[in-house]
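Peer 1: Here is my input, please return the structure:
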Amino acid sequence: MNELARQSIVWEPGEKLIKESNLVAFMAEHGINDYETLMRRAEEEPDWWWNAIAGRLRFMKPYEKILDTARGIEFPEWFIGGTTNIVENTLERHRGTEIWTSPAVLGESEGGESRIWTYEELNAEVSRLAAGLESLGVKQGGVVAVYMPNVNEAVAALLAVPKIGAVVMPLFSGFGVEAIAARLNASGAVAVLTVDGTSRRGQIAPMKEFADAAAARAATVRHVVCLRRTGHPVTMGEKDIDWAELCEGRPADMPNMELPAEAPALLVYTSGTSGQPKGTVHTHGGFPAKLTLDLGLMMDMKSSDRIIWFSDMGWLVGPLLAFGATLTGASFVLADGAPDYPDATRMWRLIEKHRVTFLGVAPTLIRGFMHGAGIGDHDISSLRIVASTGEAWTPDAWWWTFENVVKRNAPIINYTGGTEIGGGILAGSVLRPMKACAFSGPVPGMGADIVDMEGTPVGPGQVGELVLRKPSIGLSRGLWKDNERFLDSYWRDIPGVWRQGDWAIQDEEGFWFVLGRSDDTLKIAGKRTGPSEIEALLTATGKVREAAAIGIPDDIKGESVACVVVLDKNIAAGAAVEKELSDAVIAGLGYPYKPKFILTVPDLPKTRNMKVMRRLVRAVCLGKPLGDTSSLVNPEALETISEAASRSGHMTKIVEVP
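Peer 2: Residues are numbered from 1 along each chain as shown. You can find the predicted model right below:
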């Protein structure tokens, strides 16, 4: 059995946390006595379950039937006959309540400027922008791209576009021209919302000129709306509209367009392993329903929470906050820039400043702090929950967080799923005990299972593919203009189930663990092994800050282990540390796992959500095509890996470490 699955329970929820939890209130509302009964009923009675979740939303016209699978589980139809608008549930529902005058967005620029918008003020900004876009001829179903950094207006943009029935497409603020143009053309976008520039580690980086160059290559784009934020000079041409002028004099309380509940609201592109990225489609009813379940019930997010989660508006975490935090009536700190600039403990400083109660992190981000400045002397005792997503934990990073961030007094809600899921498949829960690096189990009603490649359940203690056996309310409604690719990517590898592409294992006590992407899996001497097992052994030495374990061809074993590592700042590269790391892997997994080589680099390629892209590490090492790299926050890391490999000779020919 995987070593992670041998963990013991290290935390139990207290009586107060249980009593005040959203899940307990939900169960009482439905006459359910315990969590196990809830899980069982959600799986056995899907119509009851999804009706219970949808019942927490506002509909303009009630739906007649929650789910119809006549077209198969790959293409379910939800909310038959119902109408709504996602903004009805994120803003309008709070009108007339205490939430309406409470903070919605607490904007924090890299330079320290704070701008706080209440829900009423956010609604006014959304309404004026929506009316402006409507005046430009943006219509229902038209795609509008949002290419912006983490500023308050980016939240207004994400909400304003679906308010008038158009489809919002967030783009990573670090994208270059090629990546932007590819998505504008693939989506048929009619407009782009952007800014003049943004501050990145003290330097002004242009954004509008990138948007202009991309729009010039996209025939469907008619307008580029520019927000003036930094004073960076911009060129205003025939397509260009000044944001402030567009919104000036517009109504501050524009009604939401009534739409079919299954009308697309959000188009989010996720990286493809090869070729073009994939456009996932989320609807006015489905996306808020999934967020109600994941954030409101599983993560226990409340209107009293203040949230910080460093990410970007272009990845799923951005919309999770813009739509999910507002759905619950919470306040969120929208911090532009990096968590460690202009000071090394900026994230912890912001938690102290705003008395943040809910922190979202990626394990990679935590490893940066634990090998760097730590928490400093900041008071972060306001935190009641930490949520984690993006990467599998290594035990050292998880324990550092448990002991230093929550002081063993609060849960770490482990959460995994993805853009295509519209949220999570597995999650922690404030009602369940906690093990290091573990998930309490599946999100209720998802039909999650662990199977072999024939679709047969593998049972506790066995590694297999994480799959879904049932339609989920938040699942992408196909791929934008490419349903064949949708079927090829997720449904056809293992007939009858959704293949997530992750290796997972369940222990005897019902806890689940994700071991990494199955595409990243190594098969050494006939045994499949997730990279996280090897990487955990490397980081446990205290010499390695980050690691990517990859498989390379081997004439005898079929595949051998190779390791690309970022050493801790006080550790010198060389044969001595390479042997020590190699010995650690052998001691943990056996001699067949002896790394064929260990390569030291300054950084590993990551997405903005801090997910290490092992497939790209492997592709560089083997000289293979890279496929889509547009999601990377640090594409220069690929070049440094290539240079290191070149200095050492081709990796498949490197002499074994001593």
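
Peer 1: Neighbours of Glu509, how many?
Peer 2: Here the count is done by other Cβ atoms under 10 Å, and Glu509 has 13 residues near it. C-beta here means a position set from N, CA and C on the backbone, and glycine is covered the same way.

Peer 1: backbone phi and psi for Ser518, please?
Peer 2: Main-chain dihedrals, Ser518, degrees, to the nearest 10: phi -70, psi -30.

Peer 1: what's the average pLDDT for the strand or helix carrying Glu43?
Peer 2: Secondary structure from DSSP states H and E places Glu43 in helix 35-44. Across helix 35-44, the average pLDDT comes to 97.

Peer 1: Buried residues, that helix. List them.
Peer 2: Neighbour counts using 16 or more other Cβ atoms under 10 Å place Tyr35, Leu38, Met39, Arg41, Ala42, Glu43 of helix 35-44 among the buried residues.

Peer 1: what does it contact?
Peer 2: With Cβ atoms under 8 Å, 6 or more residues apart in numbering as the contact definition, helix 35-44 has outside contacts at 23, 27, 32, 48-49, 429, 431-432, 441-442, 444-445, 447, 470.

Peer 1: Apply 10 Å and report the result again.
Peer 2: For helix 35-44, the external contacting residues (Cβ atoms under 10 Å, 6 or more residues apart in numbering) are 18, 23-24, 26-27, 30-32, 34, 48-50, 52-53, 293, 297, 429, 431-432, 440-448, 469-470, 510.

Peer 1: Report the residue spans of the stretch 401-550 of the chain with pLDDT below the cut-off.
Peer 2: Scanning the stretch 401-550 of the chain for pLDDT under 70 picks out 525-528.

Peer 1: Now do the helix or strand where Phe332 lies: which elements does it pack against?
Peer 2: Secondary-structure assignment from DSSP H and E places Phe332 in strand 331-335. Identification of packing neighbours for strand 331-335 by 3 or more Cβ pairs under 10 Å, 6 or more residues apart in numbering; DSSP states H and E yields strand 103-108, strand 114-118, helix 152-163, strand 306-309, helix 346-354, strand 358-361.

Peer 1: Could you dump these into TSV and include distance to Lys594?
Peer 2: TSV is the format used below for these (distance: least, Cβ to Cβ, whole Å):
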stretch	distance to Lys594
strand 103-108	47
strand 114-118	53
helix 152-163	48
strand 306-309	39
helix 346-354	38
strand 358-361	33
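
Peer 1: Mean pLDDT added to these, as TSV?
Peer 2: Rendered in TSV, the data for those read as follows (pLDDT from 0 to 100):
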stretch	mean pLDDT
strand 103-108	98
strand 114-118	97
helix 152-163	98
strand 306-309	98
helix 346-354	98
strand 358-361	97
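
Peer 1: would JSON lines of the ones you listed with mean neighbour count and distance to Arg485 be doable?
Peer 2: As requested, these are exported to JSON lines (neighbours: other Cβ atoms under 10 Å; distance: least, Cβ to Cβ, whole Å):
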{"stretch": "strand 103-108", "mean neighbour count": "23", "distance to Arg485": "36"}
{"stretch": "strand 114-118", "mean neighbour count": "15", "distance to Arg485": "39"}
{"stretch": "helix 152-163", "mean neighbour count": "28", "distance to Arg485": "24"}
{"stretch": "strand 306-309", "mean neighbour count": "23", "distance to Arg485": "30"}
{"stretch": "helix 346-354", "mean neighbour count": "21", "distance to Arg485": "37"}
{"stretch": "strand 358-361", "mean neighbour count": "26", "distance to Arg485": "30"}
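
Peer 1: closest to Gln276 out of those?
Peer 2: With distances scored as Cβ to Cβ, the stretch of the helices and strands packed on strand 331-335 nearest to Gln276 is helix 152-163 (22.6 Å).

Peer 1: Can you list the buried residues in the helix or strand following that closest one?
Peer 2: With elements assigned by DSSP H and E, the helix or strand that comes after helix 152-163 is strand 167-171. Using 16+ other Cβ under 10 Å as the test for burial, strand 167-171 gives Val167, Val168, Met169, Pro170, Leu171.
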